[in-house]
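1. test case, fold it:
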Amino acid sequence: METGDRLNLAAEEQVRLQQAVAAAEVLTSVEIVPMVVMRSGLYRDARYRSGLAGAVVVLTTLLTVEAAWLPWGWHAANAAWLLLATMAAYGIGYWMGRRDTIIRLFTSSDRMRHKVRLRAERAFAQHGLSKTRDQTGVLIMLSLLEHQVCVLADTPLFERVPAGVWDHIVAEVVGQVKAGDVIGGLCRGIERAGAALAQYCPPRPGDNPNELPDELIQGP
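-> Okay, the predicted model is just below:
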């Protein structure tokens, strides 16, 4: 499903998401925008940590089994080989540090959560979610590398709705995504948002314009 820096969605999956947004927005005046990004940060520090970890492991291992490869004791050539092996291990670890699994291993959940939040805030502004008539924009953003979901609402709406409502929307998305169903997770979150927010922002009879596109936003 993933290709390069985007999700490769089938036409029916795109339609399914659009229909979920349209159906949810019938119940409320809230404008719901789904978004998927491959990652929310570069996490360059994970590369350095991975490289350092590789170097430490190799250096420690070689020193621990010193007798096996230094039967005649230390001399300059052995020290050079030890240094070379340690440097090579750092380089390999640094290169491995670009992989998603390694990034998650060497990056704290709090740091990833902070990055996801920042990415959502930037997307909220870039895509004009704050420009709705009654400030009722809601972004449901899934960041795949971090395995995290951020639901971001315009300030007046966020203050009006209890925190538990947003938590339940996140839980709906996460539950399906953990099962490997990204589109299903987003649709469940969208449906939950529409139903839950209806009581706080009901639609105006005969006056409920569709102010934002219903399509999924994708980002690298």
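
2. so which residue is dead centre in the chain?
-> Ser143 (1.9 Å; Cα atoms, centre = their mean).

3. ok, so what distance separates it from Leu52?
-> Ser143 sits 26 Å away from Leu52, going by Cβ to Cβ, to the nearest Å. C-beta coordinates here come from the backbone N, C-alpha and C atoms, glycine included.

4. quick check: mean pLDDT across stretch 19-36?
-> Stretch 19-36 comes out with an average pLDDT of 95.

5. what pairs with whatever helix or strand Val151 lives in, parallel or antiparallel?
-> Secondary structure assigned from DSSP states H and E places Val151 in strand 148-153. Sheet pairing here is set by DSSP bridges, and for strand 148-153 it gives strand 137-143 (antiparallel).

6. next one: the partner strand to chain centre, how far?
-> In terms of Cα atoms, centre = their mean, to the nearest Å, the centre of strand 137-143 is found 11 Å from the chain centre.

7. what comes into contact with that strand?
-> 30-40, 115-116, 119-120, 123-124, 127, 129-131, 148-154, 157, 169, 173, 177, 182, 185-186, 189-190, 193, 197, 212 (Cβ atoms under 8 Å, 6 or more residues apart in numbering).

8. if we go to 6 Å?
-> 30-37, 40, 116, 120, 124, 129, 149-154, 189 (Cβ atoms under 6 Å, 6 or more residues apart in numbering).

9. same thing with stretch 168-186?
-> Glu13, Pro34, Val149, Val151, Arg188, Gly189, Arg192, Ala193.

10. now do stretch 10-23
-> Ile32, Ile183, Cys187, Ile190, Asp214, Leu216.

11. what residues are up against the third one?
-> Right, the one you point to is Cys187. Ala20.
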